[in-house]
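Peer 1: here is a sequence with its predicted model. Questions after.
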Number of protein chains: 2
Amino acid sequence: VSRTWLGVPDDDPYGVDNLPYGRAVLPDESTHLVVRIGHHVLDVTALGQPASLDELLASGPEEWARGRRAVTRWLTDERFVGEVERHVHPIDDVQLLLPFTVADYVDFYASEQHASNVGRMFRPGAEPLPANWKHVPIGYHGRAGTVIVSGTDVRRPCGQYRDGEQVRFGPTRRLDFEAEVAFVVGTASRLGSGVALTAFAEHVFGVVLLDDWSARDIQSWEYVPLGPFLGKSFATSISPWVTPLPALDAAWRPPPARDPQPLPYLDDAGIDGALDLELEVRINGHVVSRPAFAAMYWTAAQQLAHLTVNGASVRTGDLYASGTVSSDGALGSLLELSWNGTRPVRLADGTDRTFLEDGDEVTITATAPGPAGRLALGEVTGRIRAAAG
Amino acid sequence: VSRTWLGVPDDDPYGVDNLPYGRAVLPDESTHLVVRIGHHVLDVTALGQPASLDELLASGPEEWARGRRAVTRWLTDERFVGEVERHVHPIDDVQLLLPFTVADYVDFYASEQHASNVGRMFRPGAEPLPANWKHVPIGYHGRAGTVIVSGTDVRRPCGQYRDGEQVRFGPTRRLDFEAEVAFVVGTASRLGSGVALTAFAEHVFGVVLLDDWSARDIQSWEYVPLGPFLGKSFATSISPWVTPLPALDAAWRPPPARDPQPLPYLDDAGIDGALDLELEVRINGHVVSRPAFAAMYWTAAQQLAHLTVNGASVRTGDLYASGTVSSDGALGSLLELSWNGTRPVRLADGTDRTFLEDGDEVTITATAPGPAGRLALGEVTGRIRAAAG
């Protein structure tokens, strides 16, 4: 079945129920807001929509809905073929850019499996989860200026790390990925007032996949007492496509049970706040994990409510990430997969990895249930380059 | 002595050797780039300089020097009176705004006195300084979107804190200031390459004073393991005036001795990287501390070198702060002054403070040695409003 006159099947991962937004340099060298349909992009700026995703994000939920209705109509009503067809380009003919200007970037730590694994590795003998973890959606601010678009190479960072009793400086020896799902804020909030759980969809425009590249040796030496800094700030990759929330209408699920009961501002009883996304992580094309996002302890709405409960405002372009997505038997980082480097991971090509090697390419993809089949979220990929000489 | 035809004495705190930049709404309601001279502002946009400090920051060190020479000439050469005088406004006739658009905001932790005091309070019996502290200029990313201009009220934040074994939610009971000095990046750097110690002045445009408002109860409950988050993110105030580096030419001093020797990328032997700024903190007009900035263990150039040594880029508008400035007997936070609330601080009006009360106004000022007298840095002030009902 294809509702589009382009012939893209409705159950295509980028069919007419998906329609993610991106920003592309087009064959005529203009940079426009585009929508993906199958292996094509539609230049929606040429059809009167905003010039950039930044502008669309700022326009608010009514405009988001109106824009999505218009794109759907253009692609499904044959009366628009004449007007629209010349603004459709094969995806290989355009260059995809960072889809929006990142304002503040926050990274959470919402997978119980991941946080427990990290606790077991780094605080053996103690309780795996920090005492605050089931009360507070733990997060920290990351570096917005080094968020890069999928496909950009990642240079192995240099930094300080501890080697026995010695402090050394050099290229990280423990370079890792973290598979994450991140949320893009469209509508700003006011300084001094919070965003309630129920106001999530008024503020959040959509979803990207995110790779929180991490240098574990740099991170473990620097992070006490003020948290991760240079171990993370060298690069964070996001997918070029932002999936609007309405594309995920069929993907909401009840969150996991919580104990203790969250404080009232985090109490989401009755809200299907968990997203049923199935992630897949590949190294050089070989699948290493398929974590389930629905199992995350804290949801995106809880994270936004927490982020703003102290009166902090969000801005158009704010990006906040889930933290590593690890679920039972499906771990979202090499730190966990190789148990801090002690159990090498065998790839299908017969090679072993504890951490990433120069030349390795990490790709994160995800799908969500849609009306006609599973929708794809935009993939995020990056290849490791050798450290600067 | 006055070199200016305006009659502002050369040894005025805002005399002709100072000339900080700001952004102001002028009597005709235009928003322009302005320079402060005495109790006046000069509308430099009207005289052909950039429309905003953002634009000036991005233009690079040669333009910064050219612009400063032009302003000096306009104010000191009587041939310009006719052209320039109508663009001079009394400071009380303009509204000062956040001087520039903050890109990424980083907060360091560079005072040995402060870090040791915090260690003694929160980790009694252990070494006061974390093991990494004299190797790594410890820092973390803060929230750029809640950096506000001096004079903006600060609403007491709500959040989670621990009360004995109970987790509670409500207005912070331990609201604090932190007196800091912060640096404004003009020239961006390239992703993948660092900024050497000697390239500091090619990238950094100038200096602001900063109040890193802190909710100590929220912070202490949330900060393990990923660092401060909601305990800081509700507001960070900066002065409306950015003092350009050339105004501080007479203020550079040798840094304190370091042991152990810093790694090569942080080794500033032979560089006078410490700034001789004398800070003063007042609560409701009563002086509570006069910390000396020159004693900070890590300098601004070391912080920039560290921030970028992993290849992270800086952008125009990046802001990075020193961390609380505490020196011998002159402490830069109430946390230290009241020793975590155990020793109330008596103000000159006879009232006591452990932490800040609603209605309190905190003001941070600073001076630096100049060619003709001490120059003032722009003050930063904020008044505490009651928590949202």
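Peer 2: Received it, and whenever you're ready, just let me know what you need. Quick caveat: nothing in here was measured; it's all calculated off a predicted structure. Numbers count the residues shown, from 1 in each chain, chains lettered A, B, ... in the order given.
Peer 1: list the buried residues of the worst-scoring helix or strand of chain A on mean pLDDT.
Peer 2: Ranked by mean pLDDT, DSSP states H and E, the helix or strand of chain A with the weakest confidence is helix A:112-122, at a mean of 95. Within helix A:112-122, the residues that count as buried by 16 or more other C-beta atoms under 10 Å in any protein chain shown are A:Glu112, A:Gln113, A:His114, A:Ala115, A:Ser116, A:Asn117, A:Val118, A:Gly119, A:Arg120, A:Met121. (Each C-beta comes from the backbone N, C-alpha and C, glycine too.)
Peer 1: doesn't A:Asp163 make contact with A:Phe169?
Peer 2: No. Taking C-beta atoms under 8 Å as the definition, A:Phe169 is not a contact partner of A:Asp163, at 10.3 Å.
Peer 1: picking up where we left off before, CA atoms only for the least confident helix or strand of chain A - export them in CSV, please.
Peer 2: Coordinates of each C-alpha in helix A:112-122 appear next as CSV, following Å, rounded to 0.1, in the frame of the first residue of the first chain:
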residue,chain,number,x,y,z
GLU,A,112,18.6,1.3,36.0
GLN,A,113,20.6,-1.5,34.3
HIS,A,114,23.3,0.9,33.1
ALA,A,115,23.6,2.8,36.4
SER,A,116,23.7,-0.5,38.3
ASN,A,117,26.4,-1.9,36.0
VAL,A,118,28.5,1.2,36.4
GLY,A,119,28.1,0.9,40.2
ARG,A,120,29.1,-2.7,40.2
MET,A,121,32.2,-2.0,38.2
PHE,A,122,33.4,1.2,40.0
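Peer 1: SS state for A:Arg168?
Peer 2: Classification of A:Arg168 by DSSP: H, G, I helix; E, B strand; the rest coil places it in strand.
Peer 1: the nearest residue to it once chain neighbours are set aside - how many residues pack around it?
Peer 2: The shortest distance from A:Arg168 to any non-neighbouring residue, by C-beta to C-beta, 6 or more residues apart in numbering or on different chains, is to A:Tyr161 (6.0 Å). A:Tyr161 has 23 neighbours, counted by other C-beta atoms under 10 Å in any protein chain shown.
Peer 1: next, the buried residues of whichever helix or strand A:Tyr161 is part of.
Peer 2: Using DSSP states H and E, A:Tyr161 falls within strand A:158-163. For strand A:158-163, the neighbour count (16+ other C-beta under 10 Å) marks A:Cys158, A:Gly159, A:Gln160, A:Tyr161, A:Arg162 as buried.
Peer 1: residue ranges of the strands in the stretch 101-250 of chain A, please?
Peer 2: Assigned by DSSP state E, counting those that start in this stretch, the strands in the stretch 101-250 of chain A fall at A:105-108, A:139-142, A:147-149, A:154-155, A:158-163, A:166-171, A:175-176, A:179-185, A:204-211, A:214-215, A:236-238, A:243-244.
Peer 1: okay if I get those strands as a markdown table plus distance to A:Leu129 and mean pLDDT?
Peer 2: Shown next, in a markdown table, are the strands of the stretch 101-250 of chain A (distance: least, C-beta to C-beta, whole Å; pLDDT from 0 to 100):
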| stretch | distance to A:Leu129 | mean pLDDT |
| --- | --- | --- |
| strand A:105-108 | 14 | 98 |
| strand A:139-142 | 15 | 98 |
| strand A:147-149 | 28 | 98 |
| strand A:154-155 | 30 | 98 |
| strand A:158-163 | 25 | 97 |
| strand A:166-171 | 30 | 97 |
| strand A:175-176 | 21 | 98 |
| strand A:179-185 | 19 | 98 |
| strand A:204-211 | 23 | 98 |
| strand A:214-215 | 20 | 98 |
| strand A:236-238 | 25 | 99 |
| strand A:243-244 | 31 | 98 |
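Peer 1: out of those, nearest to B:Pro228?
Peer 2: Among the strands of the stretch 101-250 of chain A, the nearest to B:Pro228 by C-beta to C-beta is strand A:139-142 (8.1 Å).
Peer 1: hmm, back to that, how about JSON lines for the buried residues of helix A:112-122, with distance to chain B added?
Peer 2: Supplementary listing: the buried residues of helix A:112-122 in JSON lines, determined by distance: C-beta to the nearest C-beta, whole Å:
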{"residue": "A:Glu112", "distance to chain B": "15"}
{"residue": "A:Gln113", "distance to chain B": "16"}
{"residue": "A:His114", "distance to chain B": "12"}
{"residue": "A:Ala115", "distance to chain B": "9"}
{"residue": "A:Ser116", "distance to chain B": "13"}
{"residue": "A:Asn117", "distance to chain B": "13"}
{"residue": "A:Val118", "distance to chain B": "8"}
{"residue": "A:Gly119", "distance to chain B": "9"}
{"residue": "A:Arg120", "distance to chain B": "13"}
{"residue": "A:Met121", "distance to chain B": "12"}
